[in-house]
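**Q** Output the structure for:
(2 chains)
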Amino acid sequence: MTDLDPWDSALLSALDAPDSGSLETIDELAESSGISQPLLEVLAREGLLIPQIDEPSPLFDPSDAEAVKAGLELVSDGLPLAELLDLARKMDEAMRPVAEQAVDVFARFVRDSVEASAATGEEAAARLVEAFRSMLPATSRLVAHHFRSLLVASARERITDR
Amino acid sequence: MIHTRQVDQPLPLLDHHPGLVWLSPTVSMVGFGEALRVAAGYGEDRFLRADEAFRDWCPEVRDEVNLSGTGAVAFSSFTFDARSAGSVLVVPEILFGRTGDTWFVTTVDGADPSPYCHPAGTAEADTDRPRYAGASVPDVLWLEAVARAIERIGRSDLDKVVLARDFAVWSKRPFDSRLLLERLHSRFPGCFTFLVDGLVGASPELLLRKSAEHVESVALAGSARRSFDPEEDRMIGENLLRSDKDRREHDMAADSVGRVLEDICDRVIREAEPTLLELPNVRHLATRFLARAGADTSIFEMVARLHPTAAVGGWPTGAAIEAIRELELMDRGRYAGPVGWHDAAGDGEFAIALRCAELSGARARLFAGAGIVRGSLPEAELEETRLKLQAMLSALEP
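**A** Coordinates of the predicted model:
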């Protein structure tokens, strides 16, 4: 990874948000979260727990354990883990191309436009990071809201169909 | 008195909800009523205890057909673990059977078969969908047990262990065994479809077939999914034949069968290379054995020696059974145990009770297992058992 434009370097820094000092190995994550290491290893192999750093050994953001705990709440409420993993695989498969397309849209309509209109590289970098920091949570809210609406509509349809 | 006579017309096998069913590629038999029921109890000798009770009971026989499965016939189903209760042998009062084109009726003490001789019509039973009712062991814990088994395989002389899990369902109306049997038989015509004392299923795995001195067994282990895309399906099959992990797992199962047959039979012939046994939803590596039975060896002695094969227990057997008892955290009951029939002449067929469910009115307990070897991944084994359970669950749908 050499010769990055200043605005891409700034974006990359914004993407690598957690300080590597706060990252944990998988056994540390198991210890701090109370989630069994075999289960965390399964989730990592399934691509559902993504390390922030891969080399020399995978390091994870402790906040990822919170998402795993949310999943385990579904399990403790009665959803079999095998079914949850199957849903997660399908969600992953469906969402990856959407994520790639969203990044592509950002690059074509935000990054390229900022690059064309900014007076300096520093200004472009600042504007891009600001746009990214505002768009990431907005996108997350949008996706979560849409999926929640889909779930509710689907449940309503199931109930009324009976 | 037991009386077997040939009949000219095909008989309705499943129409009248027989309590005992065996539908195999070679013979079809169903039984009504019970002339003898033996609770075979615990212990390694549960097989021989059941056989002795059957032989002691066997009354005079008038057999006008003299084929495998005529005369005195018992259906039996044994627990996987000698420490578990539930092994049972039942002789029906009335048996309808077919071998090739020959249809026959066997009755005990003059029982009247006429109420069961005519088709009952095709009215659909009033059924409800299966509803999830939990599992003996949450699958998170099962996944962790698989991880512990993999770790144990890496640091001990345990080469393979088969871990099973269950899945309970309930319904607003009793499950219809006839519907389930018809579906299983039509979806898996090459399998052994069975119902013995509430245990119903369609197993692909022949533990032992004995006809006079001819003995046959098929070891199955190493599996892969099917695909609707013919090219992908062919590739998956080829990959299974080439997979080191699956081949290692398969060889353990085949060797465990081969060792026992060499010990108790003459002239054992083993297929040189495994072939693919293809079912609609899954394919397995299969090795067929042919052998000649020793003159004084009963089919139950053979079944007792063969069970549990490495395909359903693991290898070495003792270490695998210990691991199952420690890690599985549930009683398998008759799942993965021998199920089948035998007659007074010592002929019979036993399959391994896989792809099965214990039916009890509006409740059912479904089972599935997966072979764990070096290189196994817990999530892959969990997914394999999920797909196996789904296949059985779909057969219970209305």
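**Q** low pLDDT regions in chain B?
**A** Along chain B, segments meeting pLDDT under 70 span B:121-125, B:295.
**Q** Most proximal residue of it with respect to chain A?
**A** Residue nearest to chain A within chain B: B:Ala147 (3.5 Å; Cβ to the nearest Cβ). Backbone N, C-alpha and C define where each C-beta goes, glycine included.
**Q** Surely that residue is within a helix?
**A** Yes. Applying DSSP: H, G, I helix; E, B strand; the rest coil, one finds B:Ala147 inside a helix.
**Q** give me the number of residues near it?
**A** By the measure other Cβ atoms under 10 Å in any protein chain shown, the count of residues near B:Ala147 is 23.
**Q** got it, and the one 10 residues further on?
**A** B:Asp157 sits with 9 neighbouring residues when counted by other Cβ under 10 Å.
**Q** who are the neighbours in contact with it?
**A** Applying Cβ atoms under 8 Å, 6 or more residues apart in numbering or on different chains, we find B:Asp157 in contact with B:316, B:319.
**Q** cool, and B:Gly201?
**A** With Cβ under 8 Å, 6+ apart, B:Gly201 has these contacts: B:184, B:193-194, B:339, B:353-357, B:392.
**Q** What of B:Tyr335?
**A** B:80, B:164, B:166, B:353-354, B:356, B:358, B:367, B:369.
**Q** Could I get the full set of helices for chain A?
**A** A:6-15, A:26-33, A:37-45, A:62-76, A:81-106, A:112-117, A:121-161 (DSSP state H).
**Q** whoops, the stretch 251-398 of chain B was the one
**A** Under the criterion DSSP state H, counting those that start in this stretch, the stretch 251-398 of chain B carries helices at the ranges B:299-306, B:317-327, B:378-396.
**Q** For the residue of chain B closest to chain A, which non-adjacent residue is spatially closest?
**A** Leaving aside its sequence neighbours, B:Ala147 sits nearest to A:Pro38 (Cβ to Cβ, 6 or more residues apart in numbering or on different chains; 3.5 Å).
**Q** quick revisit: by neighbour count, which of the contacts of B:Gly201 wins?
**A** Compared across the contacts of B:Gly201, B:Ala353 has the highest neighbour count, 31 neighbours, by other Cβ under 10 Å.
**Q** right, and that one touches B:Gly340 too?
**A** No. Counting by Cβ atoms under 8 Å, B:Ala353 stays clear of B:Gly340, with 9.2 Å between them.
**Q** Spell out which residues are contacts of both of the two.
**A** B:Phe194.
**Q** How many residues are close by A:His145?
**A** Residues near A:His145, counting by other Cβ under 10 Å: 10.
**Q** now the one 4 residues further on
**A** Burial of A:Ser149 is recorded as 10 neighbouring residues (other Cβ under 10 Å).
**Q** Distance of it relative to A:Val98?
**A** Distance of A:Ser149 to A:Val98, computed by Cβ to Cβ, to the nearest Å: 16 Å.
**Q** Of the helices of chain A, give the one that comes closest to B:Pro25.
**A** helix A:81-106 (32.3 Å; Cβ to Cβ).
**Q** buried ones in the closest one?
**A** By 16 or more other Cβ atoms under 10 Å in any protein chain shown, the buried positions in helix A:81-106 come out as A:81-82, A:84-86, A:106.
**Q** Save the residues you listed as TSV, and put in pLDDT and distance to chain B too.
**A** TSV is the format used below for those (pLDDT from 0 to 100; distance: Cβ to the nearest Cβ, whole Å):
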residue	pLDDT	distance to chain B
A:Leu81	91	4
A:Ala82	91	4
A:Leu84	90	9
A:Leu85	90	7
A:Asp86	90	7
A:Phe106	86	33
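**Q** now the helices of the stretch 251-398 of chain B in CSV, with distance to chain A?
**A** Converted to CSV, these look like this (distance: least, Cβ to the nearest Cβ, whole Å):
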stretch, distance to chain A
helix B:299-306, 31
helix B:317-327, 12
helix B:378-396, 4
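**Q** worst-scoring helix or strand of chain A, pLDDT-wise?
**A** The helix or strand of chain A with the poorest confidence is helix A:6-15; it has a mean of 75 (mean pLDDT, DSSP states H and E).
**Q** could I get that one in PDB with only the CA atoms?
**A** In PDB, the C-alpha atoms belonging to helix A:6-15 read as follows (Å, rounded to 0.1, in the frame of the first residue of the first chain):
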ATOM      1  CA  PRO A   6      -3.500  12.400   1.100                       C
ATOM      2  CA  TRP A   7      -7.300  12.200   1.100                       C
ATOM      3  CA  ASP A   8      -7.200   8.300   0.800                       C
ATOM      4  CA  SER A   9      -4.700   8.200   3.700                       C
ATOM      5  CA  ALA A  10      -7.000  10.300   5.800                       C
ATOM      6  CA  LEU A  11     -10.000   8.100   4.900                       C
ATOM      7  CA  LEU A  12      -8.000   5.000   5.800                       C
ATOM      8  CA  SER A  13      -7.200   6.400   9.200                       C
ATOM      9  CA  ALA A  14     -10.900   7.100   9.700                       C
ATOM     10  CA  LEU A  15     -11.700   3.500   8.800                       C
END
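**Q** Which neighbouring elements make contact with it?
**A** In terms of contact count using 3 or more Cβ pairs under 8 Å, 6 or more residues apart in numbering or on different chains; DSSP states H and E, helix A:6-15 is assigned the packing partners helix A:121-161.
**Q** Quick one: check the helix it packs on for contact with chain B.
**A** No. Residues of helix A:121-161 contacting chain B under Cβ under 8 Å from any Cβ of the partner chain: none, with a closest distance of 12.7 Å.
**Q** And that helix, what does it pack against?
**A** Counting contacts by 3+ Cβ pairs under 8 Å, 6+ apart, helix A:121-161 packs against helix A:6-15, helix A:81-106, helix A:112-117.
**Q** how about a markdown table for those, with distance to A:Phe132 added?
**A** Formatted as a markdown table, those follow (distance: least, Cβ to Cβ, whole Å):
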| stretch | distance to A:Phe132 |
| --- | --- |
| helix A:6-15 | 5 |
| helix A:81-106 | 8 |
| helix A:112-117 | 10 |
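**Q** before we move on, back to that, show me what contacts the residue nearest to B:Ala147?
**A** A:Pro38 is in contact with B:143-144, B:147-148, B:378, counting by Cβ under 8 Å, 6+ apart.
**Q** B:Ser360 against B:Val200, yeah?
**A** No. B:Ser360 lies out of contact with B:Val200 (Cβ under 8 Å); the separation is 10.8 Å.
**Q** Neighbour count for those two, which is higher?
**A** Neighbour tally, B:Ser360 and B:Val200, criterion other Cβ under 10 Å: the higher count belongs to B:Val200, 26 against 11.
**Q** wait, doesn't that one sit right on B:His185?
**A** No. The pair B:Val200 / B:His185 is not scored as a contact, 10.9 Å apart, by Cβ under 8 Å.
**Q** Count residues in the vicinity of the closest residue to B:Phe54 other than its chain neighbours, would you?
**A** Once flanking residues are discounted, B:Phe54 sits nearest to B:Ala74: 5.0 Å by Cβ to Cβ, 6+ apart. Neighbourhood size, B:Ala74 [other Cβ under 10 Å]: 29.
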